[in-house]
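> next input, structure requested:
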Amino acid sequence: MVFDFNSDLAQEYGIYKNEAAYEIAQYMSSVNISAGFHAGDPLSIKKALEFAKNHNLSIGAHIGYPDISGFGYRNMEMNEDEIEAMVVYQLGAISSFAGALNAEIEHVRCHGAMYEKLNNNPEFAKIVANSIKKFNPWLNLIVGNTEIKDIIEAEVKINCTYEVLFNENMSIRQLREMEKTPDTIHFTTLENAKRAYDVIKPSPVNYNRVKEQL
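Below you'll find the model as predicted:
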């Protein structure tokens, strides 16, 4: 069984750098590039896109609340128009930048408080998914809740990618034996990335065909 491994890049801003993220990304097959609201400035986004392209990694937009000082971890109450504008703006930033480098994005992953709300609030999840669909109906939304995944795919009709967060207590064997096998696995530490990579080599996938490949 083939798994996709994903991690975050461009989680930095100005003088605040995160070179450790590139060490993790060497073991990934997909990366989520911060889109400028919770992190990510033009130079860090450019560097992350070039890294992804040079290493043949699938590219995703990592979107969050407009909360640089709180690193996107603080929840924000927004109406539907505000959510749509926030999502489309960030997708446009990463997609346009990728296009300038002859690359393109394939998926979307929410960050921090936005990720938590997406996976626990069906109405919010549908607004985010519909905003993505308006921008590009072929993009896939990464979700960490199978019920939310089913709701979005049935009602919004865009593809979702089921994600599991890898931690120090997990093994690839456990992931294979889960009732709902994940499409992609998210890593936040170099140690866990190396440990998983030693067992299985991830493959860059076209998220629109991820279900058929796994």
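> got the contact list for the closest residue to residue 155 other than its chain neighbours?
Among residues not flanking residue 155 along the chain, residue 126 sits closest, at 6.2 Å (C-beta to C-beta, 6 or more residues apart in numbering). In short, each C-beta sits where N, CA and C put it, glycine included. Contact analysis of residue 126 by C-beta atoms under 8 Å, 6 or more residues apart in numbering lists 151-152, 155-156.
> cutoff 10 Å now
80, 118, 148, 151-152, 155-156 (C-beta atoms under 10 Å, 6 or more residues apart in numbering).
> which regions of the protein sit below the pLDDT cut-off?
For the chain, the stretches with pLDDT under 70 are 15, 205-214.
> what segments of it are strands?
Under the criterion DSSP state E, the chain contains strands at 4-9, 30-34, 58-63, 107-110, 140-143, 160-165, 184-186.
> neighbours of residue 104, just the number please.
By other C-beta atoms under 10 Å, 14 other residues sit near residue 104.
> out of the strands of the chain, the one nearest residue 75 is which?
strand 107-110 (12.2 Å; C-beta to C-beta).
> just how off-centre is the closest one within its chain?
The chain centroid and the centroid of strand 107-110 are separated by 4 Å under C-alpha atoms, centre = their mean, to the nearest Å.
> include mean neighbour count and distance to residue 198 when you put the strands of the chain into TSV, please.
What follows is these, written out as TSV (neighbours: other C-beta atoms under 10 Å; distance: least, C-beta to C-beta, whole Å):
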stretch	mean neighbour count	distance to residue 198
strand 4-9	26	12
strand 30-34	28	19
strand 58-63	28	22
strand 107-110	28	25
strand 140-143	25	24
strand 160-165	21	18
strand 184-186	25	14
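> on that earlier part again, and the residue nearest to residue 155, how far from residue 102?
33 Å (C-beta to C-beta, to the nearest Å).
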